[in-house]
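return atomic coordinates for the entry below.
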Amino acid sequence: GGGEVARALGFRVPELVLLDVGEEFGRTEPDEEIQDLLKASLGLNLGMHFLSGAFTADPYVNGIDATVASRIVWLDAFLTNVDRTALNTNMLMWNRELWLIDHGASLYFHHSWRNVEEAALTPFPFIRDHALLPKASGIAEADRWMRQHITPRTLEKIVDLVPEDWLDYGMEGITAADVRQQYKRFLTERLKHSSNFVNEAIDARRRLI
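Residues are numbered from 1 along each chain as shown. Sure thing, here's the model as predicted:
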């Protein structure tokens with residue numbers, strides 16, 4: 001989901017594909033740890049196109065400008081993505097272009113379904129650890145641009161792409177359709193109240209520099 005939101009906002013994201021892993025897959029793998037991982041991955045999985053020859057992007061070497069940095073900070077604050085830090089930027093350079101990868105740590109509100117509306121309004125203080133925050137001098141401008149380039153309907157369509165099996169969390173009385181609706185509600189409410197996380201990011205940057 002997070003990767004498709006990034007793509008909808010014009011960022012380069014490797015092609016995502018669905019992979020159905022059968023019981024025979026990896027049976028000859030000698031490493032027990034990898035065997036366990038493969039057994040836990042039976043069924044439908046999400047794969048990503050391999051960018052051959054890509055290398056980790058360095059914000060200070062690869063010329064990421066303030067506009068791009070600010071839009072990426074906005075994206076990650078919107079998605080509550082805790083995993084684009086200096087230790088692990090999850091950004092690659094490929095064919096001299098910047099690519100964003102691995103949005104699996106986004107939308108962590110789904111670990112607790114108690115109050116989705118309340119979760120959508122959180123300012124996301126973890127933005128203080130973002131690898132690009134020092135370069136993101138145009139976060140307010142990024143907010144205006146992003147809000148013009150994504151709509152609640154687009155977000156709902158992206159959530160509709162998620163296979164039903166992945167939304168069955170095994171919670172009593174909560175169906176996959178309920179979970180899908182909760183994701184839609186979270187994203188559309190968060191977009192509507194983007195000033196909450198935008199102000200937090202601006203304040204975090206001010207404290208940083």
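
next, count neighbours for Ala69.
Neighbour count for Ala69, taken as other CB atoms under 10 Å: 22. Every residue, glycine included, has its C-beta placed from N, CA and C.

contacts for the helix or strand containing it?
Using DSSP states H and E, the element containing Ala69 is helix 66-78. The contact list for helix 66-78, computed with CB atoms under 8 Å, 6 or more residues apart in numbering, reads 5-6, 9, 11, 59, 64, 81, 84, 91, 98, 100, 106, 124, 127, 130, 132-133, 135-139, 141-143, 145-146, 190-191, 194, 197-198, 200-201.

just the ones in helices from those residues, please.
5-6, 139, 141-143, 145-146, 190-191, 197-198, 200-201 (DSSP state H).

now these: which count as buried?
Buried members of the ones in helices among the contacts of helix 66-78, counted by 16 or more other CB atoms under 10 Å: 5-6, 139, 142-143, 145-146, 190-191, 197-198, 200-201.

quick one: low-confidence residue ranges for the chain.
Filtered on pLDDT under 70, the chain yields the residue ranges 41, 45-48, 103-105, 110-114.

domain map for the protein?
2-10+54-208, 16-48 (automatic domain parsing).

most tightly surrounded among these?
domain 2-10+54-208 (a mean of 17; mean count of other CB atoms under 10 Å).

related to what we said a few turns ago, same list, the buried ones among the ones in helices among the contacts of helix 66-78, but as a markdown table with distance to Arg71 please.
Formatted as a markdown table, those follow (distance: CB to CB, whole Å):
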| residue | distance to Arg71 |
| --- | --- |
| Val5 | 12 |
| Ala6 | 10 |
| Ile139 | 9 |
| Ala142 | 5 |
| Asp143 | 9 |
| Trp145 | 7 |
| Met146 | 7 |
| Arg190 | 16 |
| Leu191 | 14 |
| Phe197 | 14 |
| Val198 | 12 |
| Glu200 | 16 |
| Ala201 | 12 |
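
and the two most separated of those?
Taking CB to CB, the two most distant members of these are Ala6 and Glu200; they sit 20.0 Å apart.

please name the residues that touch Asp143.
Applying CB under 8 Å, 6+ apart, we find Asp143 in contact with Trp74, Ser194, Ser195, Val198.
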